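Visitor: Sharing a model prediction with you, sequence too.
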Amino acid sequence: YIKKLHVITDLFLCGLLNLQESGLLSEVEPVRLFSNIQDIVQLHTSLWAEVMLPALEKARQKRSVINPTELHQGFSTVSVCISFVKTLMNRPLQHSLWAETHKQCNRLKLTDMLVKPHQRLTKYPLLLKSVLKKTDDPATREALNKMVAAVECFINSVDSQMRQREEKQKLAAIAGRIEAYEAVEGASEEVERILREYNNFDLTAPVMGAPPEETRQLLLEGALKMKEGKESRMDVYCFLFTDVLLITKSVKRVEKVKVIRQPLVIHNVVCRELKDPGSFLLIYLNEFRCAIIKASPKSINLNASK
């Protein structure tokens with residue numbers, strides 16, 4: 001495993017740095033592409049040299065199996081989150097294509113190797129649990145349970161942060177599709193000019209009343225036909241998030257939308273099924289629990305977000 005990490009640092013990272021010294025690929029940021037790979041190499045090298053190798057050598061000298069308690073030091077000091085970043089470049093890097101043909105890569109691509117540290121994390125609790133099944137000594141079992149708990153807690157933290165990053169990327173992509181916010185129209189140019197300051201909606205802003213770590217998530221999106229009052233039905237495209245419903249209209253000739261109604265906070269929304277198949281009544285309540293908006297959407301094509 002340590003040898004595979006050195007392939008990333010010695011072949012890909014050093015190759016990139018050498019090219020940049022020659023004035024090539026200067027737009028690529030090594031820190032964003034390789035993150036803290038040097039720290040990861042140092043961590044696992046120390047884990048092997050200071051914890052695993054001494055325990056292995058001691059077991060060989062005694063001609064016995066490894067004492068699991070001697071590994072405790074290596075799994076009780078996990079305190080930093082390993083962060084990884086995927087390359088943001090759409091085109092393949094020429095130096096990566098060259099490096100990936102090197103025999104040290106064993107036909108693996110750079111992206112395959114960059115996820116190795118995270119994949120490695122998940123193997124530690126499996127290994128420790130396997131040892132635990134074969135261990136009878138109470139003190140040793142207690143030490144192993146503490147190691148498993150420490151590693152699993154760290155893995156959960158890493159997974160949680162990765163999920164949050166993915167959700168933020170999804171939100172940013174949807175926000176990029178919103179071309180305009182036209183929920184309120186002005187009666188004159190003067191009114192339009194004043195309203196312009198407030199005619200906007202930041203989809204990536206924190207969820208109101210929620211802790212900072214909670215991210216807005218897309219639950220459902222799709223096309224509907226909406227009827228308000230006596231007006232004729234119109235085609236709309238809706239986004240249902242964990243805390244808000246956005247009613248938008250597609251912009252012709254481009255894959256973008258404009259928000260045509262104020263963002264509806266979910267806990268103020270009341271839905272009732274109607275007799276007409278596929279239709280429902282949507283009522284929006286104000287702070288006094290009085291109806292201020294009513295609409296009758298009819299589903300056409302709704303897609304759940306995965």
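Guide: Structure's in. What do you need? Note that the coordinates shown come from a computational prediction; the quantities given were computed from them, not determined experimentally.
Visitor: burial measure for residue 214, as a count.
Guide: Using other CB atoms under 10 Å, residue 214 has 14 neighbouring residues. For glycine as for every other residue, the C-beta is placed from the backbone atoms N, C-alpha and C.
Visitor: quick one: it from residue 160, how far?
Guide: Applying CB to CB, to the nearest Å, the value for residue 214 to residue 160 is 11 Å.
Visitor: What distance do you get for the residue nearest to the spatial centre of the chain to residue 33?
Guide: Nearest to the mean C-alpha position of the chain, counting by CA atoms, centre = their mean, stands residue 166 at 2.0 Å. Distance of residue 166 to residue 33, given as CB to CB: 18 Å.
Visitor: same deal with residue 6?
Guide: The value you get for residue 6 to residue 33, if CB to CB is used, is 17 Å.
Visitor: Check residue 237 too.
Guide: 36 Å.
Visitor: go on, residue 135?
Guide: Taking CB to CB, one finds residue 135 at 42 Å from residue 33.
Visitor: again with residue 117
Guide: Residue 117 is 14 Å from residue 33, by CB to CB.
Visitor: Neighbour count: those two, which is higher?
Guide: Between residue 117 and residue 33, residue 117 has the larger neighbour count (other CB under 10 Å), namely 23 against 20.
Visitor: helix or strand for that one, which one?
Guide: helix 116-133 (DSSP states H and E).
Visitor: Show me how far that helix is from its chain's centre.
Guide: Computed by CA atoms, centre = their mean, to the nearest Å, the chain-centroid distance of helix 116-133 equals 23 Å.
Visitor: okay, now residue 185: neighbour count?
Guide: Residue 185: 10 neighbours (other CB under 10 Å).
Visitor: and it, helix, strand or coil?
Guide: The assignment at residue 185 comes out as coil when based on DSSP: H, G, I helix; E, B strand; the rest coil.
Visitor: what about the helices in the stretch 151-300 of the chain?
Guide: 189-195 (DSSP state H, counting those that start in this stretch).
Visitor: Which parts of it are strands?
Guide: 178-181, 218-227, 234-241, 244-250, 257-259, 264-265, 269-273, 280-285, 291-304 (DSSP state E, counting those that start in this stretch).
Visitor: of all those, which lies closest to residue 45?
Guide: Relative to residue 45, the nearest member of the strands of the stretch 151-300 of the chain by CB to CB is strand 218-227, separated by 41.6 Å.
Visitor: in this protein, which ranges drop under the pLDDT threshold?
Guide: 74-115, 294, 299-306 (pLDDT under 70).
Visitor: make it 80
Guide: 25-35, 68-121, 180, 182-187, 212-213, 229-232, 252-254, 293-306 (pLDDT under 80).
Visitor: domains for it, by residue range?
Guide: With domains defined by the TED database, the chain comprises 1-175, 216-304.
Visitor: okay, those in CSV with distance to residue 198 next?
Guide: Shown next, in CSV, are those (distance: least, CB to CB, whole Å):
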stretch, distance to residue 198
domain 1-175, 18
domain 216-304, 11
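Visitor: Looking at these, which is nearest to residue 191?
Guide: Nearest to residue 191 among the domains of the chain is domain 216-304; the distance by CB to CB comes to 16.6 Å.
Visitor: What segments of the stretch 1-150 of the chain are strands?
Guide: Going by DSSP E, counting those that start in this stretch, the stretch 1-150 of the chain shows no strands.
Visitor: who wins for proximity to residue 185 among the domains of the chain?
Guide: domain 216-304 (9.7 Å).
Visitor: tally of neighbours for residue 59?
Guide: By other CB under 10 Å, neighbour count at residue 59 equals 14.
Visitor: what's near enough to touch it?
Guide: 65, 66, 67 (CB atoms under 8 Å, 6 or more residues apart in numbering).
Visitor: Just the buried subset of those residues, please.
Guide: 66, 67 (16 or more other CB atoms under 10 Å).
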